[in-house]
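Participant: structure for the following, please:
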Amino acid sequence: MVPLSETASKFGISLSSLSFYGDQAAKLRLPPPSFKPDKQKNLIVVTSITPTPLGEGKTVTTLGLAQALNLLGKKACASIRQPSMAPVFGVKGGGGGGGRAKILPYEDFNLHFTGDNHAVESAHNLCAAFLDNSLMRKNPPGIKIITWKRAIDIADRSLREIRGAHGKTGFEITAASEIMAILSLSRSFEDLRRRISRIVIGEDRRGRPVTPEHIRAAGAMTALLATSLRPNLTQTCENTPVLAHTGPFANIAHGNSSVLADLIALKYFDYVVTESGFGADCGLEKFMHIKCRISGLRPAAAVLVVTVRALKLHAGTITVEPGHPLPKELFSENIAMLEKGLPHLKKQIENVTIYGLPCVVAVNRFPSDTDRELELIEKKAFEFGAREACVSDIYEKGGRGGKELARKVAGLCSERRKIRFLYDPGLPLEEKIRIVALKIYGAGDVSFMNGTREQLKKIERWGYSRFPVCMAKTQFSLSHDPKWKGVPSDYTLPVTGMRIAAGAGFAVPFCGKINTLPGLPLHPLGEHIDLDKTGKIRGLK
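Facilitator: This is a model prediction of the structure:
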């Protein structure tokens, strides 16, 4: 490692635009609200097939691809989300990459970092406290229904439902907080304040939305987020700059790093590699319809991360439980099983190219993969519509192991294409839900349950009909059922509930059983984390 100041100076980032947090993290100054990136620069989005519970290496690929582009003489950085402590201590572990493509110091990055997640949690809970206080103090806004919960960044299933002073309430994970989404999508302090003020936290006696502005909490909430709106700068183990900012999950939020991080990155760098959470059916769909539409950003190319083990899982013959080791059958050559899982690759390539994006399939190599398996995936990727495909050795070799991938991606970036969206903002919310379900998930129909049609009508009556939809569903299947692997088809997608995120600017349909506060597995990864006698954190995976 070298001091971050050296890396920043090398890539032309003025030290006067940085506020340092030690030697290895800094906050970047915000650009003016009118700032627009150079359209000749290249935003590359990394997504994946539907993953195993341990993930398939999107962050490794994102960081490593930026490293490889710099080795080729390009000026590149990565733009990723900040980790939530729920997976760090739970099933998946840290969110800063791995092997020779990770952020260092790894422990600092995954635990607290610059405190942004805590600021989101504090602003969220301040609103809840003001709301309760308003109810106790004769309820000036006339609140009848409360929809605002509390937030915590630890996976604690016992807090999903609790009894509060004013009835049943509960907690959700900080990454699911609408404030996290707002922080991710805001362009300026004014934009942040405006979005905070229009969050819907309940309804009054006349059925009208109640907001933080009504209970006079919006200003204080925004003040708590002032520093956190500034993106964070850090670096990889090869001294490639990384902008890490905000951390919404892709299964219950929109799953992408901040608009500001990408805009600032495109000011300094010719190539910016960003990452969308989970599979192309989750994070990439929301990247296109939410982040790109709100920001005006347009990607030049997409990288689809694939692993042999995940495709074997999509054969549907093996059951994998989150929190348990992956079965050994996934780590021995089995061409027949791999072939049964390949239709899933075809569908996810379609889920990339449907937007007009050129797709590069990056096969993230694991030690147990055989040449026959890797060659089959590359061959089929081209047949299924990918423009390029190659094996990635980034985990083992860092940027050197991603040079071929970087050359292919850079080549496609020079071909400018018009991006397509799947739906027009003017369509009814119900129709937007149906389009995503049928075109991206492969559903045959949509069922609106538990009064969700009435909820949709109310949301549209409040004036939010032009919002995009942010589908909340499992990350472990193209469908709503995590047990359905491969390419489920002709099923009915159940929409079991609706939420309006008026500040963030999207409507949230809940599909199937969705928890907004995860629990810990039988043996959490946090069991291995400790502090040694020198004060160094050990065991963070």
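
Participant: contact partners for Leu63?
Facilitator: Ala78, Ile80, Gly97, Ala101, Lys102, Ile103, Thr236, Thr240, Val242, Val273, Ile394 (Cβ atoms under 8 Å, 6 or more residues apart in numbering). Any C-beta I mention is one placed from the backbone N, CA and C, and that applies to glycine too.

Participant: model confidence at it, what's the number?
Facilitator: Note on Leu63: pLDDT of 98.

Participant: repeat that for Tyr423.
Facilitator: So Tyr423 comes in at 98 (pLDDT).

Participant: count of residues packed around it?
Facilitator: Residues near Tyr423, counting by other Cβ atoms under 10 Å, number 16.

Participant: part of a helix, is Cys282?
Facilitator: Yes: under DSSP: H, G, I helix; E, B strand; the rest coil, Cys282 falls within a helix.

Participant: can you count the residues close to it?
Facilitator: 30.

Participant: distance check, it against Lys403.
Facilitator: 29 Å (Cβ to Cβ, to the nearest Å).

Participant: quick one on the thing from earlier: quick one: which of the contacts of Leu63 has the most company?
Facilitator: Neighbour max across the contacts of Leu63 (other Cβ under 10 Å) = Ala78, 35 neighbours.

Participant: right, and that residue touches Gln235 too?
Facilitator: No: the criterion here is Cβ atoms under 8 Å, and Ala78 misses it with Gln235 at 9.5 Å.

Participant: shared neighbours of those two, anything?
Facilitator: With Cβ under 8 Å, 6+ apart as the test, Ala78 and Gln235 both reach Pro241, Val242.

Participant: before we move on, back to that, between the contacts of Leu63, which is nearest Arg205?
Facilitator: Closest approach between these and Arg205, by Cβ to Cβ: Ile80, at 44.6 Å.

Participant: list the contacts of that closest one.
Facilitator: Contacts of Ile80 by Cβ under 8 Å, 6+ apart are Thr59, Thr62, Leu63, Gly95, Val242, Leu243, Ala244, Ser257, Thr274, Glu275.

Participant: now with 6 Å, please.
Facilitator: Contacts for Ile80 (Cβ atoms under 6 Å, 6 or more residues apart in numbering) come out as Thr62, Ala244, Ser257, Glu275.

Participant: then Trp462?
Facilitator: Shown in contact with Trp462 (Cβ under 6 Å, 6+ apart): Pro209.

Participant: pLDDT score assigned to it?
Facilitator: Taking Trp462 on its own, its pLDDT is 96.

Participant: and the next helix or strand past the helix or strand encompassing Ala128?
Facilitator: For Ala128, the host element (DSSP states H and E) is helix 116-136. Per DSSP H and E, the first helix or strand lying C-terminal to helix 116-136 is strand 143-146.

Participant: buried stuff in that following strand?
Facilitator: By neighbour count with 16 or more other Cβ atoms under 10 Å, strand 143-146 contains the buried residues Ile143, Ile146.

Participant: what's near enough to touch Asp445?
Facilitator: Applying Cβ under 6 Å, 6+ apart, the residues contacting Asp445 are Thr492.

Participant: apply 10 Å and report the result again.
Facilitator: Residues in contact with Asp445, defined by Cβ atoms under 10 Å, 6 or more residues apart in numbering, are Arg434, Ala437, Leu438, Asp490, Tyr491, Thr492, Leu493.

Participant: of those residues, which is the nearest to Ala315?
Facilitator: The closest of the contacts of Asp445, once distances to Ala315 are taken by Cβ to Cβ, is Tyr491, at 18.6 Å.

Participant: ok, that closest one - how many residues close by?
Facilitator: Tyr491 has 17 nearby residues by other Cβ under 10 Å.

Participant: quick check, it in contact with Cys511.
Facilitator: No: between Tyr491 and Cys511 there is no contact under Cβ atoms under 10 Å: 11.4 Å.

Participant: list residues touching both of these two?
Facilitator: Here Tyr491 and Cys511 have Ala437, Tyr441, Ala443, Ser479, His480, Asp481 as joint contacts, going by Cβ under 10 Å, 6+ apart.

Participant: which phi and psi does the nearest residue to the last one once chain neighbours are set aside have?
Facilitator: Setting aside the residues directly before and after it, Asp481 is nearest to Gly512 in space (Cβ to Cβ, 6 or more residues apart in numbering), at 6.3 Å. When quoted as degrees, to the nearest 10, the phi and psi of Gly512 stand at phi 70, psi -150.

Participant: how many other residues sit next to Gly512?
Facilitator: Applying other Cβ under 10 Å, I find that Gly512 has 16 neighbouring residues.

Participant: pretty sure it is touching Pro482, no?
Facilitator: Yes: between Gly512 and Pro482 there is a contact at 8.6 Å, judged by Cβ under 10 Å.

Participant: tell me, what's touching those two both at once?
Facilitator: Common neighbours of Gly512 and Pro482, using Cβ under 10 Å, 6+ apart, are Lys473, Thr474.

Participant: what segments of the stretch 1-150 of the chain are helices?
Facilitator: 4-10, 58-71, 85-89, 106-110, 116-136 (DSSP state H, counting those that start in this stretch).

Participant: now those as CSV including distance to Phe35?
Facilitator: Shown next, in CSV, are the helices of the stretch 1-150 of the chain (distance: least, Cβ to Cβ, whole Å):
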stretch, distance to Phe35
helix 4-10, 19
helix 58-71, 22
helix 85-89, 32
helix 106-110, 27
helix 116-136, 21
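
Participant: quick check: which of those helices is nearest to Val320?
Facilitator: Of the helices of the stretch 1-150 of the chain, nearest to Val320 by Cβ to Cβ is helix 85-89, at 16.3 Å.

Participant: remind me what the closest one packs against, helices and strands.
Facilitator: Contact analysis of helix 85-89 by 3 or more Cβ pairs under 10 Å, 6 or more residues apart in numbering; DSSP states H and E lists helix 106-110, strand 171-173 as its packing neighbours.

Participant: just checking, what packs against the shortest one?
Facilitator: The helices and strands touching strand 171-173, judged by 3+ Cβ pairs under 10 Å, 6+ apart, are helix 85-89, helix 116-136, strand 150-152.

Participant: which one of the ones you listed lies closest to Gly207?
Facilitator: Of those, nearest to Gly207 by Cβ to Cβ is helix 116-136, at 17.6 Å.

Participant: the closest one: which residues count as buried?
Facilitator: 116-128, 130-132, 134-135.

Participant: for Ser477, which non-adjacent residue is spatially closest?
Facilitator: Ser477 sits nearest to Trp484 (Cβ to Cβ, 6+ apart), 4.7 Å away.

Participant: burial of the one you found, as a residue count?
Facilitator: Applying other Cβ under 10 Å, we find 16 residues neighbouring Trp484.

Participant: hey, C-alpha coordinates of the helix holding Ala128 in CSV?
Facilitator: Written as CSV, here are the backbone C-alpha positions of helix 116-136 (Å, rounded to 0.1, in the frame of the first residue of the first chain):
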residue,chain,number,x,y,z
ASP,A,116,-21.9,6.6,6.4
ASN,A,117,-24.1,3.6,7.3
HIS,A,118,-24.3,4.8,10.9
ALA,A,119,-25.4,8.3,9.7
VAL,A,120,-28.2,6.7,7.6
GLU,A,121,-29.3,4.6,10.6
SER,A,122,-29.3,7.7,12.8
ALA,A,123,-31.3,9.8,10.4
HIS,A,124,-33.8,7.0,9.9
ASN,A,125,-34.2,6.5,13.7
LEU,A,126,-34.4,10.2,14.4
CYS,A,127,-37.4,10.4,12.1
ALA,A,128,-39.0,7.5,14.0
ALA,A,129,-38.4,9.3,17.3
PHE,A,130,-39.9,12.5,16.0
LEU,A,131,-42.9,10.6,14.7
ASP,A,132,-43.5,9.0,18.1
ASN,A,133,-43.0,12.3,19.8
SER,A,134,-45.6,13.9,17.5
LEU,A,135,-48.1,11.2,18.4
MET,A,136,-47.5,11.7,22.1
